[in-house]
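In: no FASTA, just this:
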């Protein structure tokens, strides 16, 4: 039963990533609660990689290559630094930090949405933090959005470029998991099964992206985000 719920979470996260450009910030906290970090992180990374490639194949002509190059360079540094830190800090502490960040993101997005363009300094700081959050928790999307929304206001350009970015970053992360011996038979089986909800979620997200009432939909996402972050905090304090 837990595995079924986990794959439903995967489907929902893929749907989010495919439709609005990010989804693992919701998938990860829910997945950790169900299956733990050891299973959730590599499986979600693998599925996010496949989702990014799938969207990239169909939307590549809308990629902003200049922004993709910049985002990839900055975030890769953060990803590699975070992967180094993750092996040297207690997991409970990281999960408490993650829970607090997730709640903070949800509250900020839900109750205090940005009303004007952020400054370049804030954008670039958010981009660097996005790389760290991606490396630690496969959840750089919300911080990346602070940078990318103002830089790429066109919805299709944003969606195509961010998914291309996830394809690049998650490839690097998967390689480090294999090299570090973090992928076993169970994770390979879970990843293979998760391809099914990934395909369904990608299709549904592509359909939804063309008809999206984005603000109402995102409010629901932020409520789920706050709830999952609170549960992570309570269960790890």
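Out: Happy to help now that I have it. Note that the structure is a prediction, hence the values are computed from the model and not measured.
In: Which of the helices and strands in this protein ranks last by mean pLDDT?
Out: For the chain, counting by mean pLDDT, DSSP states H and E, helix 214-236 ranks last in confidence among helices and strands (a mean of 73).
In: Okay, now the unreliable bits of the chain?
Out: Residues of the chain meeting the criterion pLDDT under 70: 20-22, 114-117, 209-210, 212-214, 216-218, 220-221, 237.
In: now the least confident helix or strand of the chain, how far from the centre of its chain.
Out: 14 Å (Cα atoms, centre = their mean, to the nearest Å).
In: in that helix, what's buried?
Out: By neighbour count with 16 or more other Cβ atoms under 10 Å, helix 214-236 contains the buried residues 218, 221-222, 224-226, 228-233, 236. C-beta here means a position set from N, CA and C on the backbone, and glycine is covered the same way.
In: now for those, which pair is the farthest apart?
Out: 218 and 236 (26.5 Å; Cβ to Cβ).
In: could you say what helices and strands the least confident helix or strand of the chain packs with?
Out: Helices and strands touching helix 214-236, by 3 or more Cβ pairs under 8 Å, 6 or more residues apart in numbering; DSSP states H and E, are helix 2-20, helix 24-35, helix 91-111.
In: Mind listing residues that contact that helix?
Out: Helix 214-236 has contacts (Cβ atoms under 8 Å, 6 or more residues apart in numbering) with 16, 20, 25-26, 29-30, 32-33, 92, 95-96, 98-107, 109-110.
In: Can I get the buried part of those as one ChimeraX selection?
Out: Per 16+ other Cβ under 10 Å, the buried members of these correspond to this ChimeraX selection:
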select :16,20,25,26,29,30,32,33,95,96,98,99,101,102,103,105,106,109,110
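In: Need the three-state assignment for residue 183.
Out: Recorded secondary structure, residue 183: coil (DSSP: H, G, I helix; E, B strand; the rest coil).
In: go on, the one 4 residues further on?
Out: Three-state secondary structure (criterion: three-state DSSP) places residue 187 in helix.
In: Spit out the contact partners of the residue lying closest to it once chain neighbours are set aside.
Out: For residue 187, ignoring the flanking residues on the chain, the nearest one in space by Cβ to Cβ, 6 or more residues apart in numbering is residue 42 at 5.2 Å. Residue 42 is in contact with 174, 177, 182-183, 187, 191, counting by Cβ under 8 Å, 6+ apart.
In: which of those residues count as buried?
Out: Applying 16+ other Cβ under 10 Å to these flags 174, 177, 183, 187, 191 as buried.
In: quick one: which of those is nearest to residue 66?
Out: Of the buried ones among the contacts of residue 42, the one sitting nearest to residue 66 (Cβ to Cβ) turns out to be residue 174, at 26.0 Å.
In: can you pull the contacts of that closest one?
Out: Here residue 174 is in contact with 42, 45-46, 49 (criterion: Cβ under 8 Å, 6+ apart).
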